[in-house]
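Novice: Structure here, sequence nowhere to be found:
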């Protein structure tokens, strides 16, 4: 039966468009979100003119022609970017070819087919709407001549009568929906068309429109409450690396969705190389390629491609397109249906496998994982977060309602993360190159470019002015253990203890070398590093029965924002002495770091107490010595995000150096712009003898650590015997991939062209957390203190008894709400914190903090209601 064409009035069409909407949540910002109830694939191509649209059209025919358990079907074709419009309209091609194919091969059921264009440049819109008589299938309004993109809502539709359906049937059981999101007139690359037609569109706008279209396709429609079989394909423009309208490569533009891919290869001469290059460009960015399909040009390109893919990816070959187009390709589509049916089955199978795996993962994880710092009895299956992928600072999380939703990684995955989307791709590229060039090579007595370049960068950056050597290891905890070995040797040499031991014949094993450290500090989980920190939940008998605490641990004064005022909180021992002392509160955070404080009464108080502690510990006749000072400069991380008064730390370093006690700065957490400067040592205006770096050094993509040392430290290990050398190392010391990632990350963060937050004149990051909003958070009655510095904003909630401290679960309900809002946080007891990267936009930081502010208010109101009910 011939298709029946129906046209709605323009006003009715506009109402239908407005009624279409995605499910709304209270979200952080324009987050990526799409349903996983039905398969969604992106159609990519190795080049232009290799048949993407033919594949899309063929899939629509195969999908609607097949028999299935579901009585209703819905196929959605989306073309986000279209140039050459209206002469070239891929969505219209798919729409028309489907209708033509349906007319010659009608299934039993009726189908409602539609095609629409949402936005177009003025030249593209006027070319169609100003010449209605030559474009009879389009109806709309003539757009005024001006720049920009216009919402025009071009629309056409047909009801296609099935072979066994009733002609009086009002609502067909199945649908084919074709949409062009953005269209330009000139048939050139999208970035050129957008520029020439003065109709630019940002990547974020394209992604937001795509999100809405995906939501409308399967959620906001008449099918949402009924069971139906659905499929959606999103066809890109040009090749994999063709620019989008903003100039971004399309493989980067669509990366936040990371939808599974179908790659349309090239069967022509040179097509093998182009297809493989396109495939590698996609996999480098984390896309899953479900299948490769291309037209047969008689060159048997599938043979070397199958050899290359080694059965990882199916390769399908379409019949050659006939030169005689007299039947408008319908015979070709008929001949190709078996190939398209195979492709459809591959897509459905891959979708079902992925969906099943995502649903099974929480249960499977609870059965076989042993998570660190986690009480498994407190983590039911529904609380397990399934992370499908990461893009920049955002997780793509699978939710049990069959939704992929975006969450901002607000704990920076245990403080390691810093890359934006662009750096993530750069790191993947550099690490791939390094793995291919070096794999892993042995480090002792050898040199290779990534390790040498990184060592040079570290000495010119975080070690500038004091360090001369770089010792590589694998993580922060072992970097600290290496630092302790270095410090103890330097102490023994500086104080001639080695000479005295040799001359007196005393066995060195009877000497007790201790560290001087601060309470609340944390230096890692390995046994030696734990000995260098004060008793804490991490060192308790249940955790480390060998723990003795081989150190002297001082109570430091802390600084925070209390009720809108920056103030110092003195430890109990100093409390009786504080009367009469000024300088315990500050009008701004900057005053806390001012060197003029060195002449204050508070500086004298600190020095006095430090000297008292050191005098109590010094005994020239004893074999017990303080062999090293180790501190986390400015911020103690795992100890609750406590900000130590920088004046106190500066006085402590000064006194230790005067006594030839080597100084170690543990910058595993604080280094590489985490606190707003490349090194936290810059904020103390003093230099260590040894410093440890890790986490953010590699951009968080792979473990690597470095212990930097001064020349004096290095000289303590030089001699004629190998036994005097530092006998410590790891199989993967200075591994090339880690060094390569670190080189890229350090250079990226240090360059104001790639790190827009870097102020080159001051070598500081601009303020990321709005000071006024931070102040407002501190004024909330539910908040005890706030510390906002660099990429960190920590908030300690008011809590008492079992609700306070590391084991507290007081903030759980608050964190649950924040995760629903798209903010992934992991607390330190009743201390919650936001942590971004050095390149994060202050606008994003503000949105994060505004959301946290609102949720804390609600949290407090809920607690008050609970208290009233209990009373």
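Specialist: Perfect, I can see it now. What you are looking at is a predicted structure, and each value in this text was computed from that prediction instead of being measured. Numbers count the residues shown, from 1 in each chain.

Novice: could you pull out the helices for the stretch 151-300 of the chain?
Specialist: Taking DSSP state H, counting those that start in this stretch as the test, the helices found in the stretch 151-300 of the chain are 190-196, 203-218, 250-253, 271-284.

Novice: longest helix anywhere in the chain?
Specialist: helix 330-368 (DSSP state H).

Novice: on that earlier part again, do you know which of the helices of the stretch 151-300 of the chain lies nearest residue 626?
Specialist: Closest to residue 626 of these is helix 271-284 (Cβ to Cβ; 51.0 Å). No exception for glycine: its C-beta is placed from N, CA and C like everyone else's.

Novice: Quick one: list the elements packing against that closest one.
Specialist: Applying 3 or more Cβ pairs under 8 Å, 6 or more residues apart in numbering; DSSP states H and E, one finds that helix 271-284 contacts strand 40-45, strand 261-264, strand 289-295, helix 302-309, helix 421-437.

Novice: okay, these in a markdown table with distance to residue 129 and mean neighbour count next?
Specialist: A markdown table is the format used below for those (distance: least, Cβ to Cβ, whole Å; neighbours: other Cβ atoms under 10 Å):
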| stretch | distance to residue 129 | mean neighbour count |
| --- | --- | --- |
| strand 40-45 | 29 | 25 |
| strand 261-264 | 32 | 27 |
| strand 289-295 | 35 | 23 |
| helix 302-309 | 44 | 15 |
| helix 421-437 | 37 | 17 |
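
Novice: can you put the ones you listed in a markdown table and add mean pLDDT?
Specialist: Putting those into a markdown table (pLDDT from 0 to 100) gives the following:
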| stretch | mean pLDDT |
| --- | --- |
| strand 40-45 | 98 |
| strand 261-264 | 98 |
| strand 289-295 | 96 |
| helix 302-309 | 93 |
| helix 421-437 | 95 |
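
Novice: TSV please, covering the ones you listed and showing distance to residue 559.
Specialist: Listed next are the helices and strands packed on helix 271-284 as TSV, based on distance: least, Cβ to Cβ, whole Å:
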stretch	distance to residue 559
strand 40-45	50
strand 261-264	51
strand 289-295	52
helix 302-309	58
helix 421-437	32
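
Novice: if I look at residue 400, how far off is residue 385?
Specialist: Look at residue 400 and residue 385: by Cβ to Cβ, to the nearest Å, they are 11 Å apart.

Novice: Show me which of the two is the more surrounded one.
Specialist: residue 385 (15 against 11; other Cβ atoms under 10 Å).

Novice: before we move on, the earlier item: name the residues of the longest helix of the chain that come out as buried.
Specialist: Within helix 330-368, the residues scored as buried using 16 or more other Cβ atoms under 10 Å are 332-333, 336-337, 339-341, 343-344, 346-348, 350-351, 354-355, 358, 361-362.

Novice: State the pLDDT value of the residue nearest the centre of the chain.
Specialist: Centroid-nearest residue in the chain: residue 393, 2.6 Å away (criterion: Cα atoms, centre = their mean). Per-residue pLDDT puts residue 393 at 96.

Novice: my guess is it meets residue 420, correct?
Specialist: Yes: counting by Cβ atoms under 8 Å, residue 393 does reach residue 420; the two are 6.9 Å apart.

Novice: remind me which residues of the stretch 551-700 of the chain are low pLDDT?
Specialist: Along the stretch 551-700 of the chain, segments meeting pLDDT under 70 span 577-582, 618-622.

Novice: should've said the chain
Specialist: Within the chain, the stretches with pLDDT under 70 are 1-30, 67-71, 130-146, 165-172, 218-226, 325-326, 497-510, 577-582, 618-622, 871.

Novice: ok, now with 50
Specialist: The chain contains residues with pLDDT under 50 at 1-26, 131-143, 222-225.

Novice: What residue, apart from its backbone neighbours, is nearest residue 264 spatially?
Specialist: residue 45 (4.4 Å; Cβ to Cβ, 6 or more residues apart in numbering).

Novice: Am I right that residue 258 is in contact with residue 286?
Specialist: Yes: assessed by Cβ under 8 Å, residue 258 is found in contact with residue 286 at 5.9 Å.
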